[in-house]
Every structure is written in structure tokens, then in C-alpha cells.
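>>> Need the 3D shape of this:
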Amino acid sequence: MTKLSLPFLFILNLAFLFLGCVSSSQFHKTEIPPDQQLTEQLTTILDHPDLAPMTIGIKIMSPITGETIFARHSDRLFHPGSNMKMFTATGVLRTMGPDYRYITSVFTEKNASVNKDTLFTSLFLVGRGDPLLESKHLTNLANTVAKKTTAKVIKGNVIIDQSYLDLTPFGEGWMWDDIQYRFSAPINALSINGNSIRILISPGASIGSPVSVRVDPPNASINFDVRAKTTKESSPNRFTTPPIRVERDWQSRTNKIQITGTLGINDQKQEFYRSIEEPGVFAGSLFRDQLHRLGVKITGNIYYGHTPPLAQPLAHHISTPISKALSHLLKDSDNLTAELLLKTMGRYKTSNPGNSLDGLKVLRKELEDYIGLIPDSYRFSDGSGLSWYNYLSPDQITNLLLKNYHDSSTGNIFRESLAVAGVDGTLKHRMRNTLAMGNLRAKTGTLTGVSCLSGYVWTKNNKPLIFSIMINNFVGSSMRARRVQDEIGVVLANCRLN
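Below you'll find the predicted structure:
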């Protein structure tokens, strides 16, 4: 009998397998249903070994049928990060409505008097929590004051009235060593420029000279200790030529900023943002400086105080509708905006000085009425998601998204305020050149070891989907978690569902 070689047997087996596949396809012609295809794709992504140490919860559902298309650990609680802001935004729309506006005012004393070119009065600068107040708005207030008074000298002080909200500068459960950074800026009724400054650092005039430092907006209340030097060239060796470091003296709660390190003579300028202490005084100094530039000298100093009952209104800045603040909140994920909105909700409902406790009570009640959110099934400690005490589940987030999807009064404002993949906000650089670009709208959520993405996406055959992807408990960069979210977002945009 002829002995067959191993290569021949291998080829023969492949032939039988091929014939078997052909036969099966010819006689059965089974196709995998679209929902099952999607489930298999998502399962393959989520079961990747790199994700094994992570805790992942996900839910995908149809807002049209209410059907859950895919879920894994969707009832478990996770740190939501800035996914919390979607709940704050919903509370704002339900309590104050999209047309609410903030007012920032300047008052004079009731018995203010004029003698020649001198106005005898203090000016009261009153903040009411406007999260989008900028230097240009204080400039406009100063211009109005200068025109109305026609004075060259104001014999008095600038009194900062920040009593509309409480004086607690940070949220419960915030990280104490983050407070020098813009994302942890202190909360204040008279907040300005996000209560942070932009610091621009350029090479000095020559090798060995100090680097050049410019601050925007310029203000004498910010003190710099510049120790950084200009070198011949940059070097990747951080031990021989350490990079630029910008540290605010947050331990002592001052606006003294130390700059160390090196910058090559031909390097591009570098940009940093740091939070500021006493933002009310900072705003007052910007206001006073602008009056001085207009030729109006204020002889006194800047103090905190209260506006007297019979003070006379002199100038007002009225903000754009709060819907614009919601866009800044959700697209750009601004933490200060979230906390000011939360405190404003408390003030709006109780008339007490706005505070987080009252704001959270209002928010919890609105969400219980709106989506049936059971009080003991979650935890809120702030409005931004910066707190480590917050807990939510994918089920609860998708319930919120579902209710907003069908809300004919404010749902469209909510959806339009979310970041768009590949287009704007925190998703500007994600999912570009895919079917998710310009299609997927969502809110990111990031803390150390936390990355979440929740929102809306439309399938290839134009079916809307709601999703929430919550990833917790990983070490190092959030890049891998974001790649998973993007993969899932693109899969959803590419799928076809019945």
C-alpha cells in the first residue's frame, strides 16, 4: 500500500474543509442577523485582553423602541467624571429654563455727589454667578461708568459684592492638590475668565537670559518669580535641560507663580493656564484698571462688602441666554460653569445665597420627577463630576438621554449642546474621517483611572441609538479606554439595524 506524505494529507484535509464550507453555504445560506453581528463586534472589542484589568459598563439602546440592544454591567455604579454634567444641564433646563440670563452690576452709594470733575462715592461691583463673564464685559461696564459720570476722579473704593452665592470655593470630594489648575478653579459669584489666567512663555533675548513671560489679561495682582533660562537649544534630556514648569503657590493660597526650567532660543512660545486666588478681587482690579485707562482715577482700594439697600444702579452687563453656558458646559466640559450653574439653581429655588447643598437638593428632586431617579441608587456631590464621591450607572445615564431625546421642549437644546465627534469640543480630534464624524454627539468624562463617553449616534441606515460607555479602574493614560470608546462609536455608526 502506498504511504501518503504529510504535506499531501494536509492539502487533502484543506480540500475537504473547503468543500464542506461550499456545501454548507450552498444548502443552508444562513445570514447572521444585524443585531447579532453588532453583538459579536462589541463582544470582540470588550473581550480584548488589554481591557481585562478595567471595570467596564456599557449600555446601547434604541430611543424609538426602547429596546436594549447591548448591555454589560449596565446596572453597576461607576465614577462618571464629567458625564455628571449632563444631569446638571438637565436640571438647569428644568428649573431656570433656556432663556435665563445673568446680570453683573455696578452701583453707587445713594448719596453720591459730584464736585467739578470728582465723584464722591464707592463703586459696588456685584456678581451673580455668570459663568461666561470675561474681561471685555468688565471693560464695557467701565466704559458705561465713565460715560455716565463724566468724572475724572472717583473718591472712594471698589467694593466687591459676591454675596449672591456662598463663599465655598471648591466642591466636595475634589482633589486638594489640583487647585492650581484651570479645571479646578475656585467658585465665586464674581468669576472672571474662568477664574484663570493664560501665561505665555517665550525664549529670552539671548542665551542665558531669563525667558520672557506675558500674562493675559495683564494685572499687577499676579506676581511672577521667573527662574527659567534661555538655552542654546532644546534637549530631550530633562535632567540636563529640564522643561518649563509653572507652579502657582497654591499651598499658601497666593497668586505668586514660579517659572523654572529651560527654553531653547529658537523654541516656540509655550502656553499655560493657572487658576487664581480671590477671583472677586482680581475682577475688581481689572475693572479699576480699565477705568484708569479711560482717564478715571479711583482713589481708594478694593474691598469685599455688601451693596447697601438704597444704592443707585449705574451700569449692568446682561449675559447671553443660559443655553450658551450649557454649550460651554457640555461641549468644552467646563467645571467652573457646572458649579456656578448648580449654585444658581439653589439660589433660584430657595433665595438663600446660592450653595451646592441647595443646588443638589433641587437637582435630585428634578431628576426624580423627570426620569424617576431613585435617591438611594446613585450619589451626587458636585455639579461637574470632578468629585470622587459621585456614582452613576450606564442604565441611569441612558435613561436621562432617552428622556431628553423625547423632550419636545428642551431636548433639542440639550442634544445640540453636546460635543460632536471630529468637529468640536472635547471630541474635536476623535473619530475623524469615520461615519461617526459629524454624527455622534456625546459627553466625555475623565478623571485619573476614569474614562466615560455617553450620548447619541445614528446608524448607517439612519437609526438613532443611545449609548453609555463607562470605564473605571485603569492605571496610566486614558488613551486605551478612549480608543475602545471610539471603536464602539464607529461600529455603531457603521452598523445597519432593522
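
>>> contacts, neighbours, all on C-alpha from now
Noted.

>>> which residues of the stretch 1-150 of the chain score low on pLDDT?
Residues of the stretch 1-150 of the chain meeting the criterion pLDDT under 70: 1-31.

>>> Tell me where it has strands.
Remark: strands assigned in the stretch 1-150 of the chain by DSSP state E, counting those that start in this stretch are 55-61, 68-72, 103-108, 113-115, 118-120, 123-126.

>>> and stretch 412-426, average pLDDT?
On average, the pLDDT along stretch 412-426 is 98.

>>> Now do it: everything it contacts.
89-90, 323, 326-328, 330-333, 404-405, 427-433, 436-444, 455 (C-alpha atoms under 8 Å, 6 or more residues apart in numbering).

>>> one more time with 7 Å, if that's ok
With contacts defined as C-alpha atoms under 7 Å, 6 or more residues apart in numbering, stretch 412-426 is touched by 326-327, 330-332, 427-432, 436-444.

>>> dump the residue contacts of the residue nearest to Q268 when sequence neighbours are not counted.
Excluding its sequence neighbours, the residue lying closest to Q268 (C-alpha to C-alpha, 6 or more residues apart in numbering) is S202, at 6.8 Å. Residues in contact with S202, defined by C-alpha under 7 Å, 6+ apart, are V211, S212, V213, Q268, K269, Q270.

>>> again, only this time at 6 Å
V211, S212, K269 (C-alpha atoms under 6 Å, 6 or more residues apart in numbering).

>>> The stretch 251-400 of the chain: helices as residue ranges?
Assigned by DSSP state H, counting those that start in this stretch, the stretch 251-400 of the chain shows helices spanning 279-293, 322-331, 335-350, 356-371, 394-406.

>>> I64: which of those helices is closest?
With C-alpha to C-alpha, the closest approach to I64 among those belongs to helix 394-406: 9.2 Å.

>>> CA atoms of that closest one as CSV?
Only the C-alpha atoms of helix 394-406 are listed here, as CSV (Å, rounded to 0.1, in the frame of the first residue of the first chain):
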residue,chain,number,x,y,z
PRO,A,394,-24.9,53.3,32.4
ASP,A,395,-28.6,52.4,33.0
GLN,A,396,-29.2,55.8,34.7
ILE,A,397,-27.3,57.7,32.1
THR,A,398,-29.2,56.2,29.2
ASN,A,399,-32.5,56.8,31.0
LEU,A,400,-31.5,60.5,31.1
LEU,A,401,-30.5,60.5,27.4
LEU,A,402,-33.7,58.7,26.5
LYS,A,403,-35.9,61.3,28.3
ASN,A,404,-34.0,64.2,26.7
TYR,A,405,-34.4,62.6,23.3
HIS,A,406,-38.2,62.6,23.5
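
>>> so where's the stretch 151-300 of the chain shaky on pLDDT?
Within the stretch 151-300 of the chain, the segments meeting pLDDT under 70 span 235-240.

>>> ok, 50 please
For the stretch 151-300 of the chain, no stretch is flagged by pLDDT under 50.

>>> all strands for it, in order.
153-155, 158-161, 196-202, 212-216, 223-226, 229-231, 245-248, 256-260, 262-264, 270-275, 297-298.

>>> Report how many residues lie close to T118.
T118 has 18 neighbours, counted by other C-alpha atoms under 10 Å.

>>> Cool, thanks, talk later.
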